[in-house]
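Asks: fold the following, please.
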Amino acid sequence: MIARLALIASVVFPISALAAEIAVAPGALAAALERAQDGDVLRLAPGDYAGPVVIDRPVTLEGKGDAHIDAGGTGSVITVTAPDVTLRGLILTGSGDSHETIDSGIQLTKTATRAVVEDNVLTGNLYGIDIHGARDALVRRNVVEGSQDRAMNRRGNGIYVWNAPGAEVSGNKIRWGRDGIFVNSSKKNRFLNNEFRDLRFGVHYMYADDSEVSGNLSVGNHLGYAVMFSTRVRVTDNVSDGDRDHGVMLNYANRSEITGNRVTGGAKKCAFLYNSHKNIFTGNSFEGCEIGLHFTAGSDRNEITGNAFVGNRTQVKYVSTRWDEWSVDGRGNYWSDFAAYDLDGNGIADTPYRPNDSMDRVLWTQPAAKLLLGSPAVQLVRWSQSAFPALLPGGVIDSHPLMRPEEGS
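Replies: Okay, here's the model as predicted:
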């Protein structure tokens, strides 16, 4: 009879409903974690706490933005080995400096499934948050500021995602460090509405399929969004503003969608497509770069339509002996430097646009030839190619260029 009553009680009042709320004072964290039961909420009072801390049972560790845990330069500040752990409202500093052990502000190990990491401030750690094999992690609204006392390539990443299917990283602000979010050998991840500043790459994908990068802001980094050796990645509605080298880069990336993104602020290349196939580029705005889109290394069967190429010094750089069509179903792209006309008023220019000619190829291979750009001979060659397109050797052709940018591009 007693056993039956206990069973009924466990059904009517699940363990989580019986969880305790425990007030924790500075100096008492280790003891509180030792006594905590599954589901308990440990509320840290304002003050300083000593790390490193290991959480090996499903509890919530919560501060109110003024509970500071410092690892004193050893290991990770907090290591989570249990499922269903929540870390909220903490200030975390003082990780070690070992890349081999990935010393981090927070490290989620393989057994830390369904972890929630939210509203924390992580400052000066080698890595910010390491999602290391933990499935279905949620990392949101954290401020991650990496170390600045070493060369950029020797720093750790803001958020490192390794073999962590189902991870969602959203609403975080990440600065300094190496890469904002570095993803390696993972899949089915979502990176939404994050902000990246003063980094090498904002988002860096390696061997990461079936994922989404949407609504993020990259400002003043070396490169905004890099997708490498990955398939079926959606890069949508992101902004790259003032990134130095590239806004968006695809390198051995296939069957992905690059839509609704805006690159501006003078990058060397708004977008770079290298040995990437069967991707869709649509509704993007590439503005004010040295090169709008550099397209190379045998990239094939990509759909590039509905984009706006505005005010780039060179709209497209593409070397080929054949023509590559950049319009689909009678719809091409907008080109700010194309003096087009539209007699039937359908919004499509009446003549094709070819962004490059043979003189461009000469300039790419022999930059010193720029001294001859104003010469009558060069002008005659360019006029001849515009008047007689058959003289052109191949490259990009937009047979149905748009008269104005489409809404959203």
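
Asks: only C-alpha atoms for contact and neighbour calcs from this point on.
Replies: OK.

Asks: ok but Leu33 is inside a helix, no?
Replies: Yes. Checked against DSSP: H, G, I helix; E, B strand; the rest coil, Leu33 lies within a helix.

Asks: neighbours of the closest residue to it other than its chain neighbours, how many?
Replies: Nearest-residue entry for Leu33: Ile55, 7.4 Å, with adjacent residues in sequence omitted and distances by Cα to Cα, 6 or more residues apart in numbering. When neighbours are counted by other Cα atoms under 10 Å, Ile55 registers 20.

Asks: quick check: Ile55 touching Thr79?
Replies: Yes. Taking contacts as Cα atoms under 8 Å, Ile55 lies within contact range of Thr79: 6.3 Å.

Asks: chain center to the helix or strand encompassing Met206: distance?
Replies: Using DSSP states H and E, Met206 sits in strand 201-209. Centre-to-centre, strand 201-209 and its host chain are 7 Å apart (Cα atoms, centre = their mean, to the nearest Å).

Asks: try stretch 135-152
Replies: That offset, for stretch 135-152, works out to 13 Å (Cα atoms, centre = their mean).

Asks: run through who's touching the next helix or strand after the strand holding Met206.
Replies: Beyond strand 201-209 on the C-terminal side, the first helix or strand identified by DSSP H and E is strand 211-214. Contact with strand 211-214 is made by 187-193, 232-238, as judged by Cα atoms under 8 Å, 6 or more residues apart in numbering.

Asks: swap in 10 Å and give it another go.
Replies: For strand 211-214, contacts defined as Cα atoms under 10 Å, 6 or more residues apart in numbering pick out 165-170, 186-194, 203, 205, 225, 227, 230-239, 256-261.

Asks: with stretch 326-334 instead?
Replies: 281-285, 302-310, 325, 347-349, 352-354, 396-406, 409.

Asks: buried subset of the residues you listed as a PyMOL selection?
Replies: The PyMOL selection below is limited to those of these classed as buried (16 or more other Cα atoms under 10 Å):
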select buried, resi 281+282+283+284+285+302+303+304+305+306+307+308+309+310+325+347+348+349+353+354+396+397+398+399+400+401+402+403+405+409
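
Asks: take the contacts of stretch 326-334 and keep only those in strands.
Replies: Secondary structure from DSSP state E places 281-282, 285, 303-305, 308-310, 325, 396-397 of the contacts of stretch 326-334 in strands.

Asks: and the gap between Thr123 and Arg175?
Replies: 10 Å (Cα to Cα, to the nearest Å).

Asks: higher neighbour count, these two?
Replies: Between Thr123 and Arg175, Arg175 has the larger neighbour count (other Cα under 10 Å), namely 25 against 20.

Asks: I'd say the more buried one and Gly202 touch.
Replies: Yes. Arg175 is in contact with Gly202 according to Cα atoms under 10 Å; the separation is 9.3 Å.

Asks: so what sits against both of those two?
Replies: What both Arg175 and Gly202 touch, as defined by Cα under 10 Å, 6+ apart, is the set 157-158, 195-196, 219, 221.

Asks: of these, closest to Gly63?
Replies: Nearest to Gly63 among the shared contacts of Arg175 and Gly202: Gly158, at 21.3 Å, using Cα to Cα.

Asks: surely the closest one touches Leu126?
Replies: Yes. Look at Gly158 against Leu126 with Cα under 10 Å: they come within range, at 8.5 Å.

Asks: these two: which is more packed in?
Replies: Gly158 (34 against 31).

Asks: who's in contact with that one?
Replies: 104-105, 122, 125-130, 143-147, 172-182, 196, 199, 202 are the contacts of Gly158 under Cα under 10 Å, 6+ apart.

Asks: got it, and Gly51?
Replies: Gly51 touches 29-30, 68-79, 92-95, counting by Cα under 10 Å, 6+ apart.

Asks: dump the shared contacts of Arg175 and Gly202 to JSON lines, plus distance to Glu290, secondary structure and pLDDT.
Replies: Shown next, in JSON lines, are these (distance: Cα to Cα, whole Å; DSSP: H, G, I helix; E, B strand; the rest coil; pLDDT from 0 to 100):
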{"residue": "Asn157", "distance to Glu290": "28", "secondary structure": "coil", "pLDDT": "97"}
{"residue": "Gly158", "distance to Glu290": "29", "secondary structure": "coil", "pLDDT": "97"}
{"residue": "Glu195", "distance to Glu290": "24", "secondary structure": "strand", "pLDDT": "98"}
{"residue": "Phe196", "distance to Glu290": "22", "secondary structure": "strand", "pLDDT": "98"}
{"residue": "Val219", "distance to Glu290": "17", "secondary structure": "strand", "pLDDT": "98"}
{"residue": "Asn221", "distance to Glu290": "16", "secondary structure": "coil", "pLDDT": "97"}
